[in-house]
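Novice: Quick one: sequence plus predicted model below, questions after.
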Amino acid sequence: MTIRPILSSLSRNKFGAVLIATQIAITLGFLANALAIVEYRLSWSSRPSGMDEANLFSISSDSVDHPADLAARVHTDLATLRALPGVVDAFADYGYPFSGGGWISSVNLTVDQKTETTETAVYLADEHALSALGVHLIAGRNFTADEITDRREGDKPTPDVLIVTKTLADRLFPAGNALGQTIYVTSDQPERIIGIVDRLQAPVIEANGATSTIAEHSVLGPYRPIDERSDYLVRVTPGQLDAVMKSAEKALLTLNGDRILRIRSMEERRRTAYRGDHGLVVLLISVCTALVAVTGFGIVGLTSYWVTQRRQQIGIRRALGATRRDIVAYFQTENLLIAGLGAAAGVLLAIALNLWLVGSFEMVRMPGRYALIGAAIMLILGQLAVLWPARRAASIPPALATRGG
């Protein structure tokens, strides 16, 4: 089939062709960026935390009676929790992955450093924390009991040892010699790295280019938090989560009924923490589906209109020997030209839109494959959308068309 008659026909219907090409370009520009965001958000929200999530739950305990000896209460609570059947270990924490809050601190290599090297989450951890979290120590050692300091609100203790994640260790010391090095995190005093764990997420950090780089930066400091609100993480043996959650609540209320307990599994914490990411994914998929549907219906509507306007032209072609397949191929080729023009413009629009998003909102850079995938989707959509009106055009009887039917 020659292209010249198709181009000649399109030149007489410029507005419709430009309208469809523009709609395809806009849809493609949005679709490509949306696909990149969806893929990134799903990957972001499914990252492993480093914890034994399936066997972990959190307890938040708020005092009603303002007890005088908070430290004694925390120690008693922990001893009671660790003694429960099915419990592997427990510790008092101040923030943890998925908690949505905690302590973010700068990290320096020298005390008088003018610009921070990076940032990190700081977790309070006693000698039971690694076991309770289920994280893996890959180098060095754990804290000992005599290194742990009770930390009350307003206290500024200066521990001299830290445990860090491998990601942070590699960021600070790319040569791989982090163990035994000193850094400055929680105070102006040097703190020596005595252990490295393979992974421990920072509390949920917004998934953008500016902050996601520190998402795996975590430091464990040898503290036991003492406060009227106590938060505990408890790890259980596999299959015992529900039973231990119930027994833990009963045991703590038996110790002291003048408190409010909130108990949630770590899997529930993850779902809550990434609810916004999942909501954005659903929203983007819904908008993309609607845009693609509108574009498809637009192609169907405009092609149907062209079929009506060209009834005599189609009839003449049929009378001159054109087969139904020739008529269908004509409209599909015509649509392919329009969709190809729109797709080319859409690829450029997708790249420009992504550059703007990266520069203005610190979004992630879109891989080029998403623009190509979007272009392929638009071309296939165009061919499918034009198929029904093209087949309807091919079924017009030549005699009826030539009479102006």
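Specialist: Cool, the structure landed.
Novice: Same question for Ile194, what's its three-state structure.
Specialist: State at Ile194, reduced to three classes by DSSP: H, G, I helix; E, B strand; the rest coil: strand.
Novice: which residues pair with the nearest residue to it once chain neighbours are set aside across the strands?
Specialist: Distance criterion Cβ to Cβ, 6 or more residues apart in numbering; nearest residue to Ile194, sequence neighbours excluded, is Val161 at 4.7 Å. Bear in mind the C-beta positions are built from the backbone N, C-alpha and C, glycine included. Note on Val161: beta-bridge partners Arg192, judged by DSSP bridges.
Novice: separation between Val161 and Pro222?
Specialist: Distance of Val161 to Pro222, given as Cβ to Cβ, to the nearest Å: 6 Å.
Novice: Check His75 too.
Specialist: 16 Å.
Novice: wouldn't Arg270 be in contact with Glu53 here?
Specialist: Yes: in terms of Cβ atoms under 8 Å, Arg270 counts as a neighbour of Glu53; the distance is 6.5 Å.
Novice: Spit out the residues that contact the two alike.
Specialist: Common neighbours of Arg270 and Glu53, using Cβ atoms under 8 Å, 6 or more residues apart in numbering, do not exist here.
Novice: contact partners of stretch 288-302?
Specialist: By Cβ under 8 Å, 6+ apart, the residues outside stretch 288-302 that reach it are 16, 19-20, 23-24, 26-27, 30-31, 34-35, 335, 339, 377-378, 381-382, 384-386, 388-389.
Novice: Which positions in the lengthiest helix in the chain come out as buried?
Specialist: When the chain is parsed with DSSP state H, its longest helix is helix 324-361. Burial within helix 324-361, assessed by neighbour count using 16 or more other Cβ atoms under 10 Å, is assigned to 327-328, 330-343, 345-347, 349-351, 353-354, 357.
Novice: Could you do stretch 281-294 as well?
Specialist: 281, 284, 288, 291-292.
Novice: out of those, who's nearest Gln201?
Specialist: Val281 (19.5 Å; Cβ to Cβ).
Novice: Just confirm the closest one contacts Leu42, I think it does.
Specialist: Yes: shown here, Val281 and Leu42 form a contact pair, counting by Cβ under 8 Å, at 6.2 Å.
Novice: Centre of the chain to the helix or strand Ser105 falls within, how far?
Specialist: Following DSSP states H and E, one finds Ser105 within strand 103-107. Put simply, strand 103-107 sits 23 Å off its chain's centre (Cα atoms, centre = their mean, to the nearest Å).
Novice: Same check on stretch 49-65?
Specialist: For stretch 49-65, the distance to the chain centre is 23 Å (Cα atoms, centre = their mean).
Novice: Then stretch 97-112?
Specialist: Relative to the chain's own centre, stretch 97-112 is displaced by 22 Å; criterion: Cα atoms, centre = their mean.
Novice: What are the buried residues along that stretch?
Specialist: By neighbour count on 16+ other Cβ under 10 Å, the buried set for stretch 97-112 is 97-99, 102-105, 107-108.
Novice: Confirm that Ile183 sits in a strand.
Specialist: Yes: looking at Ile183 with three-state DSSP, it is inside a strand.
Novice: Run through the bridge partners of it.
Specialist: Bridge pairing for Ile183 - DSSP bridges - gives Glu191.
Novice: how far away is it from Gly221?
Specialist: 12 Å.
Novice: same check, this time on Ala202
Specialist: From Ala202 over to Gly221 (counting by Cβ to Cβ), the distance is 14 Å.
Novice: Neighbour count: the two, which is higher?
Specialist: Ala202 (28 against 24; other Cβ atoms under 10 Å).
Novice: Wait, the more buried one touches Val122, no?
Specialist: No: applying Cβ under 8 Å, one finds Ala202 not in contact with Val122, separated by 9.4 Å.
Novice: Determine the residues that are contacts of both of these two.
Specialist: Shared contacts of Ala202 and Val122 (Cβ under 8 Å, 6+ apart): 102, 104, 218.
Novice: need the contact list for the first one.
Specialist: In this structure, Gly102 makes contact with 94-96, 121-123, 202-203, judged by Cβ under 8 Å, 6+ apart.
Novice: With distance to Thr80 as added columns, please give these in JSON lines.
Specialist: Shown next, in JSON lines, are those (distance: Cβ to Cβ, whole Å):
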{"residue": "Tyr94", "distance to Thr80": "20"}
{"residue": "Gly95", "distance to Thr80": "23"}
{"residue": "Tyr96", "distance to Thr80": "20"}
{"residue": "Ala121", "distance to Thr80": "28"}
{"residue": "Val122", "distance to Thr80": "27"}
{"residue": "Tyr123", "distance to Thr80": "23"}
{"residue": "Ala202", "distance to Thr80": "30"}
{"residue": "Pro203", "distance to Thr80": "27"}
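Novice: Among those, which one sits closest to Ile316?
Specialist: For these, the minimum distance to Ile316 (Cβ to Cβ) is 71.0 Å, reached by Ala202.
Novice: tell me which element the closest one falls in.
Specialist: Counting by DSSP H and E, Ala202 is part of no helix or strand.
Novice: Name the nearest residue to it, sequence neighbours excluded.
Specialist: Ala202 sits nearest to Ala121 (Cβ to Cβ, 6+ apart), 3.6 Å away.
Novice: and that neighbour, which of the three is it?
Specialist: Assignment for Ala121 (three-state DSSP): strand.
Novice: For this structure, which segments count as strands?
Specialist: 56-63, 87-93, 103-107, 118-124, 137-140, 149-152, 161-165, 182-183, 191-197, 218-221, 223-226, 229-236, 259-265 (DSSP state E).
Novice: As TSV, the ones you listed with distance to Ala175 and mean pLDDT would be great.
Specialist: As requested, the strands of the chain are exported to TSV (distance: least, Cβ to Cβ, whole Å; pLDDT from 0 to 100):
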stretch	distance to Ala175	mean pLDDT
strand 56-63	34	92
strand 87-93	32	95
strand 103-107	17	87
strand 118-124	16	91
strand 137-140	14	96
strand 149-152	31	86
strand 161-165	15	96
strand 182-183	15	94
strand 191-197	14	96
strand 218-221	20	93
strand 223-226	29	90
strand 229-236	34	93
strand 259-265	40	93
